[in-house]
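[1] Provided below are the primary sequence and the corresponding predicted coordinates.
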Amino acid sequence: MLGEIALWSFVVLLLTGTFLTLWFRPSMAEVVYMGSYDQFRGLHMSEAYASSLDISFDVRGGLLMRQMHHWSAMLFIAAMMVHMMRVYFTGAFRKPRELNWVIGALLLLLGTLEGFTGYSLPDDLLSGTGVRAADGFLKSQPVVGTYMSFFLFGGEFPGDSIIPRLYTVHVLLIPGVLLALIAAHMLLLVYHKHTQWPGPGRTEQNVVGYPLLPVYAAKAGGFFFIVFGVTAAMGALLAINPVWKYGPYDPSKVTAGSQPDWYMGWPDGALRIMPGWESNLGPFTLSWNVLLPIIVLPVLMFTIVLLLPFIEAWITGDKRDHHLLQRPRNAPTRTAIFVALMTFYGLMWAAGGNDILATQLHLSINQITYFMRAAVFVGPVIAFFITRRWCISLQRSDNEKLLHGYETGIIMRSTEGGYAERHLPISESRAFALTSRDPDEPYSSDRGTDDNGVVARGSRIARVRAGLSSKWYENDVAAPTRAELEEGHHHAEHEHELQAGLDHPADGHQFDGHHTVEEGPLRDDH
Amino acid sequence: MTTREGDDNLPEKAPVPDPGLPDHTWRPTDVDEAAERRAERQIATLFGLSALCAVLFVVSYVTLDIGEVTTTFGGLGASNLALGLSLAGSLLFLGIGIIHWARKLMADHEIVEMRHPARSSDEDRTETVAALNLGIHESGIGRRPLVRNSLLGALGLLALPVPVVLLRDLGPLPGDSLEKTIWAEGMRVVRDVTGTPIRPAELQVGDLVNAEPAALFETDDEGEPLIEGVQLQVEKSKGAVIVVRIEPEEITPGEGREDWGVDGILCYSKICTHVGCPISLYERTTHHVLCPCHQSTFDLADAARVVFGPAARPLPQLALAVDSEGYLVAQADFDEPVGPSYWERDSRCASTPARWRRATPPPRPRRRSRVPPVPLPPGPTTGWAWPRRARSSCARSSPTTGRSCSVRSRCGASSSCCSPAPS
């Protein structure tokens, strides 16, 4: 479903993008604007900007296609991110699907780059400012920075080559790679078949679902039209990137509140809260204030995301194939790690809007920035521990349901005058789904004993690994065993007898004076 | 280590026995013909509405004018709104119709398929490895190191230098172009939109004017601009400046920059030293100017020291003077590169000590210096009323840049550096 949104958004991007190429002229040649937009008539501007204005004002449906293209780009990236969260939190990235996780992460990275190259093309004041910042990022790189800048821009910024070059990257290079990776992603999906939640009749060996033809294909096809239609409605109703309001690019001008598209917001936030560090290595200059937040940090974060399945498999020592999903609560450490990463991302993203936060909330931009400098380090740690404890409580709550039944909300008064809430057992299929969990098996570095009876503890790395593995599963609550369940049910039944004196479930209405007790169970299956 | 091979991950004795797949329940459309026909009609209606919207799309395409959209329907534009909504309707009704069809009328029997292990069978694996090894053996790549190594060498030479060389003409080498701007001795500072020169008297205390080098506005005899196109954009992106007027007693000039202002009028590069956005937001009471991109803040009364934000260096300052007609002019080009830092930025300044800039910050000047500012020239109309910037010796280094004036020699703006000042 989430992945489908991303897939269909990509199709919408291809369709609307092709439409735009028919009129867009990726050229930085200076032209005099003579189109319909009164305020700019007679103004000198680049051909790229002039043709963007033409698409908006002189091509029927052009503005709609521009807005739909931009909105579907945002949907594409947002859907990929939410899809990635779903896959991670449910453990769908585990063997044998690690490769598909890697492909997905590459798709997200390329989608982001594709978005950046796309919104840089109209050559308006906002996008030009972004390109100029990108030039600064390139120049900050050690040794090759200025060379990269001069080669990319065909000389000194801004030159007249960057728009045509970005255009080739945007319409040919990255979409080609995206298409190939999407194909590989889908092929692997078909090969591995879909994961499924544990439930009655669903095992690691089978897959339960509707057949591809006709019903699944019809639903997916129908969903394409819905995604397309929602994008069209957004293009009609929600204005996005009104380039005519920014004006043509002028390297001596800038607008207040300049912000990249939202998916570029988090490295921009890192850039904003970074202290102004710069150092000299002999005669050379190293701009840590640019290099660290905009080059090193994103590469590092991307590498971490890419490696998540392998790190987890290494720590847990789990080499089995998994086709049944896990609930996030049943993998507390995994869930907590990703929530910590999300917290980091979210704080960085908020820092990327520190000027907007300051003006909207009437706060001091300096204080927001100082707060964020600490929060991006402290916040993820707090989020990690809270999430982990939260998951473990939810595990306990599940076990409570299994052993003592669910809370009915019915308060019973005993003959002694005491009050107690009545619990009823959950259904068998629900109980099966809740108990279909792997028992935790932390990796152990013990390799048994050798001939002399000395315990071989394994290598140093193995011991570290075992330590991490036991931390990974620390405080987890295992699903109750059959014996515990039976005892729990027996106990609960006994209690019910004592409390109610009823031989069937009750929901309270039996005692409100309008119903007879004999009307029977209303909530027997939960 | 515990062995965890095999596919059977579920515990042998599940705490709760598998109740098996739930029974298929029949939908009303499966058992009730009336419901089935109703669903059929609903689906057909949805498809009909979709077709209607498609017709509406064509109608609005033909009838509605486009053009400036900012006036109709909250700025959305009649054409955009009608086209978008009819397209959305057409697509959504189609999609909802198809899904409704699938849910109500298509067979809804769930099927169970067995999974095949993603891992190939052991025989296949052994066979593949054997075939591979045989191939390697028969090619003799292991036994003939000469062939192997020459092949690797040839491949390496093909893969690395050839594409890199091919890409060489993407752009010129940087050279020293980043260290120079179009500013030169005696060039007028002009307003950025109109190109008119500025007299000191036109600026009030607290004013900030966006300015540019006069060369960008020069025209030939026929009124055609001398600099245009790419060159204009490049020079604009390096040469843009801001001119501010501050109460002279509030100014703490940088060392060696005492005579860089005119009556409290100072001129700085407009290009942020962080990643190169043009800075723009000026707060006149504090003399702070803020970059709207990443909020680096510079104190213009204090040699554009960084007071906040990610920028590491102060804004380069342009030394001002007044020409014989009473207009503001530059004394020389900037004495350091403008814009973001880069690797070779200081490489041609052999005297620059290698050190962390932050480790030895410049002495923080007091906001209000009790020392009276350097005496200013009597008036703007007296032409070169005071000697040109005295750049006496190489030993003196700027406190804000930590760079000795040998920088100037590479910048080529003046030959007076490292030699006795002309007088």
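    Perfect, thanks for sending it.

[2] closest point of the stretch 251-400 of chain B to chain A, which residue?
    B:Val275 (2.8 Å; CB to the nearest CB). In short, each C-beta sits where N, CA and C put it, glycine included.

[3] Regarding the residue nearest the centre of chain A, which helix or strand does it belong to?
    For chain A, the residue nearest the mean C-alpha position is A:Met81 (3.0 Å; CA atoms, centre = their mean). If you go by DSSP states H and E, A:Met81 is part of helix A:62-89.

[4] Tell me how many other residues surround residue 170.
    You didn't pick a chain, so chain A it is. 23 (other CB atoms under 10 Å in any protein chain shown).

[5] Please refer instead to chain B.
    By other CB under 10 Å, neighbour count at B:Leu170 equals 16.

[6] List the buried residues in stretch A:403-417.
    A:Leu403, A:His404, A:Gly405, A:Tyr406, A:Thr408, A:Ile410, A:Met412 (16 or more other CB atoms under 10 Å in any protein chain shown).

[7] now stretch A:468-484
    So, applying 16+ other CB under 10 Å, buried residues of stretch A:468-484: A:Leu468, A:Ser469, A:Trp472, A:Tyr473, A:Asp476, A:Val477, A:Ala478, A:Ala479, A:Pro480.

[8] can you tell if it touches chain B?
    Yes. Shown here: stretch A:468-484 in contact with chain B (CB under 8 Å from any CB of the partner chain) through A:Ala479, A:Pro480, A:Thr481, A:Arg482, A:Glu484.

[9] which two from the residues you listed end up farthest apart in space?
    By the measure CB to CB, A:Ala479 and A:Arg482 form the most distant pair in those, at 10.3 Å.

[10] where along chain B do the helices fall?
    B:28-31, B:33-63, B:78-104, B:122-139, B:145-159, B:161-166, B:229-239, B:406-411 (DSSP state H).

[11] Could you export those as CSV, including mean pLDDT, distance to A:Leu292 and mean neighbour count?
    Below are the helices of chain B laid out as CSV (pLDDT from 0 to 100; distance: least, CB to CB, whole Å; neighbours: other CB atoms under 10 Å in any protein chain shown):
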stretch, mean pLDDT, distance to A:Leu292, mean neighbour count
helix B:28-31, 91, 61, 14
helix B:33-63, 96, 51, 15
helix B:78-104, 95, 43, 22
helix B:122-139, 94, 44, 10
helix B:145-159, 93, 31, 10
helix B:161-166, 85, 27, 9
helix B:229-239, 92, 25, 21
helix B:406-411, 36, 26, 19
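
[12] Out of those, which gets nearest to A:His70?
    helix B:78-104 (13.1 Å).

[13] Helix B:33-63 and that closest one, what's the angle between them?
    Counting by axes from the mean of the first three to the mean of the last three CA atoms, to 10 degrees, helix B:78-104 points 160 degrees away from the direction of helix B:33-63.

[14] per-residue pLDDT, A:Ser364?
    At A:Ser364, the pLDDT value in this model is 93.

[15] before we move on, back to that, give me the element the spatially closest residue to the residue nearest to the centre of chain A that is not a sequence neighbour is part of.
    Nearest in space to A:Met81, with sequence neighbours left out and distances taken as CB to CB, 6 or more residues apart in numbering or on different chains, is A:Leu108 at 6.8 Å. Here A:Leu108 sits within helix A:98-120, counting by DSSP H and E.

[16] quick one, strands of the stretch 201-350 of chain B?
    Listed in chain order, the strands of the stretch 201-350 of chain B (DSSP state E, counting those that start in this stretch) span B:208-213, B:241-245, B:265-269, B:281-283, B:288-290, B:297-299, B:305-308, B:317-318, B:320-322, B:328-330.

[17] Could you break chain B into its assigned domains?
    B:28-104, B:177-343+B:351-390 (automatic domain parsing).

[18] Span of the shortest one from start to end?
    From its first residue to its last, domain B:28-104 covers 9 Å (CA to CA, to the nearest Å).

[19] same question, stretch B:274-282
    Stretch B:274-282: ends 17 Å apart by CA to CA.

[20] That stretch - what's its average pLDDT?
    91.

[21] Give me the distance between that stretch and the centre of its chain.
    12 Å (CA atoms, centre = their mean, to the nearest Å).

[22] that older thread, ok, of the buried residues of stretch A:403-417, which one's closest to chain B?
    For the buried residues of stretch A:403-417, the nearest to chain B is A:Leu403 (10.6 Å; CB to the nearest CB).

[23] before we move on, back to that, the helix holding A:Met81 vs helix B:78-104, what angle?
    40 degrees.

[24] Show me what helix A:62-89 is packed against.
    On a contact count with 3 or more CB pairs under 8 Å, 6 or more residues apart in numbering or on different chains; DSSP states H and E, helix A:62-89 meets helix A:2-21, helix A:47-57, helix A:98-120, helix A:217-237, helix A:332-351, helix B:78-104.
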